[in-house]
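In: quick one, what's the 3D model for this:
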Amino acid sequence: MTGNRDQGPRGPFRLGDRVQLTGPKGRLSTVTLREDGELHTHQGVLRHRDLLGLPDGSVVTNSSGHDYLALRPLLRDFAMSMPRGAAIVYPKDAAQIVMQADIFPGATVVEAGVGSGALSLSLLRAVGHDGQLISFERRDDFADVARANVETFFGEAPTTWRVVVGDLVEALPRETAAGTVDRVVLDMLAPWECIDAVADALTPGGVVLCYIATATQLSRVAEYIRGTGLFTDPDASETMVRGWHVEGLAVRPDHRMVAHTGFLLTARRLAPGAVAPSVKRRASKSSFNDEDVEKWTPGAVGDREINDKQLRKRAREAGKAAEGARLATASRESEHATE
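Out: Take a look at the predicted model:
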């Protein structure tokens with residue numbers, strides 16, 4: 001999956017490629033191909049050079065006679081296995097975000113926060129070579145992990161991506177001109193704090209999408225967006241994906257599934273001076289206080305937070321992977337230059 005973005009994840013395996021190996025009993029191992037690299041397990045040794053030049057989907061045998069299926073990892077595989085500073089946006093939600101926010105080639109997209117870079121990968125693919133992704137992150141350490149993960153995946157730092165460390169409300173007006181941003185994706189604890197700045201940055205008809213963990217946050221940001229009078233009525237949803245076991249006549253749902261991960265809320269920017277037609281609603285409580293919000297923060301509902309020691313370790317892992325990808329890309333470019 002690494003390498004030149006124009007070439008993409010295709011062709012025979014080359015030095016620097018990430019390869020997902022499925023061994024006996026379905027166990028997965030992911031390696032970055034190196035000239036003298038080896039995969040050591042209790043079931044033998046598999047040399048990296050035995051994979052070089054083979055097409056994707058090949059089967060190779062290790063020193064003990066065990067077969068391994070070799071495939072380049074898909075984006076979803078990489079996202080689920082990459083080092084994490086902050087929690088990632090799961091592939092099922094990233095796919096919905098790209099569709100519901102209508103991320104298109106050539107779009108100017110703003111993302112906040114960047115977290116570990118999982119969603120950034122999907123957004124960068126969607127905006128293409130002519131688009132631009134600007135990712136805002138308050139924490140330097142999270143931004144470093146995200147940069148390393150993105151470079152590892154693409155084999156280089158994409159020229160269409162810019163990471164800004166700072167608060168979105170303060171930094172967005174400096175980084176973009178008013179009315180020039182096509183799409184904004186907010187993945188943060190209190191997205192309502194950014195809606196005014198987002199409204200200024202969005203072009204008429206532009207989309208704001210909020211990825212929200214809890215029902216109270218969902219209600220608060222929806223009411224805030226309605227209160228501005230600058231957007232269409234917000235639309236909210238969640239995505240649940242349930243796998244199925246299919247083997248002969250034994251067809252049943254999987255015993256386990258990833259259920260609720262977050263809510264998606266979207267709204268579109270109205271033209272300056274436009275007033276959306278009124279929508280009749282039942283009367284309900286629409287005011288919030290700090291006590292309401294505190295009951296539904298990630299800490300209050302039991303979400304695990306990464307400590308500084310774990311974060312430093314994962315940052316080192318991501319940095320090593322990115323350095324390997326950069327060296328592999330430079331090596332391939334040197335080989336092409338001499339051909």
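In: what sits against V45?
Out: E38, L39, N62, S63, S64 (CB atoms under 8 Å, 6 or more residues apart in numbering). The way it works is simple: take the backbone N, C-alpha and C, and place the C-beta from them, glycine included.
In: among those, which ones are buried?
Out: L39, N62 (16 or more other CB atoms under 10 Å).
In: need the contacts of V45 in JSON lines with secondary structure, can you?
Out: Shown next, in JSON lines, are the contacts of V45 (DSSP: H, G, I helix; E, B strand; the rest coil):
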{"residue": "E38", "secondary structure": "strand"}
{"residue": "L39", "secondary structure": "strand"}
{"residue": "N62", "secondary structure": "coil"}
{"residue": "S63", "secondary structure": "coil"}
{"residue": "S64", "secondary structure": "coil"}
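In: format the contacts of V45 as CSV; extra columns: pLDDT and distance to F153.
Out: Supplementary listing: those in CSV, determined by pLDDT from 0 to 100; distance: CB to CB, whole Å:
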residue, pLDDT, distance to F153
E38, 93, 23
L39, 94, 21
N62, 94, 27
S63, 93, 30
S64, 92, 32
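In: compute the first-to-last residue distance for stretch 206-221.
Out: The first residue of stretch 206-221 is 17 Å away from its last residue (CA to CA, to the nearest Å).
In: now it: buried residues?
Out: Neighbour counts using 16+ other CB under 10 Å place 206-214, 216-221 of stretch 206-221 among the buried residues.
In: same check on stretch 61-79?
Out: In stretch 61-79, counting by 16+ other CB under 10 Å, buried: N62, Y68, A70, L71, R72, P73, L75, R76, D77, F78, A79.
In: and the next helix or strand past the worst-scoring helix or strand of the chain on mean pLDDT?
Out: When the helices and strands of the chain are scored by mean pLDDT, DSSP states H and E, helix 290-294 comes last with a mean of 64. Using DSSP states H and E, the helix or strand that directly follows helix 290-294 along the chain is helix 308-338.
In: show me what that next one is packed against.
Out: Judged by 3 or more CB pairs under 8 Å, 6 or more residues apart in numbering; DSSP states H and E, the packing partners of helix 308-338 are strand 28-32, helix 140-154.
In: nearest spatial neighbour of the most centrally placed residue in the chain, chain-adjacent residues omitted?
Out: Nearest to the mean C-alpha position of the chain, counting by CA atoms, centre = their mean, stands L119 at 1.7 Å. Take L119 and drop its neighbours on the chain: the residue closest to it by CB to CB, 6 or more residues apart in numbering is V89, 4.1 Å away.
In: hang on, that neighbour packs against A95?
Out: No. Shown here, V89 and A95 do not form a contact pair, counting by CB atoms under 8 Å, at 10.0 Å.
In: more neighbours, these two?
Out: Neighbours of V89 and A95, each counted by other CB atoms under 10 Å, are more numerous for V89; the result is 26 against 16.
In: how about the helices in the stretch 51-200 of the chain?
Out: Using DSSP state H, counting those that start in this stretch, the helices of the stretch 51-200 of the chain run over residues 75-81, 91-100, 118-127, 140-154, 168-175, 195-201.
In: got a markdown table for these, with mean pLDDT and distance to G53 too?
Out: A markdown table is the format used below for these (pLDDT from 0 to 100; distance: least, CB to CB, whole Å):
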| stretch | mean pLDDT | distance to G53 |
| --- | --- | --- |
| helix 75-81 | 91 | 22 |
| helix 91-100 | 96 | 30 |
| helix 118-127 | 96 | 27 |
| helix 140-154 | 92 | 23 |
| helix 168-175 | 96 | 44 |
| helix 195-201 | 97 | 48 |
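In: which among these is found nearest to V275?
Out: V275 sits nearest to helix 195-201 of all the helices of the stretch 51-200 of the chain, at 14.5 Å, using CB to CB.
In: the helix or strand that that closest one is followed by to helix 118-127, inter-axis angle?
Out: Heading C-terminal from helix 195-201, the first helix or strand you meet, by DSSP H and E, is strand 202-212. Between the axes of strand 202-212 and helix 118-127, defined by axes from the mean of the first three to the mean of the last three CA atoms, to 10 degrees, the angle is 150 degrees.
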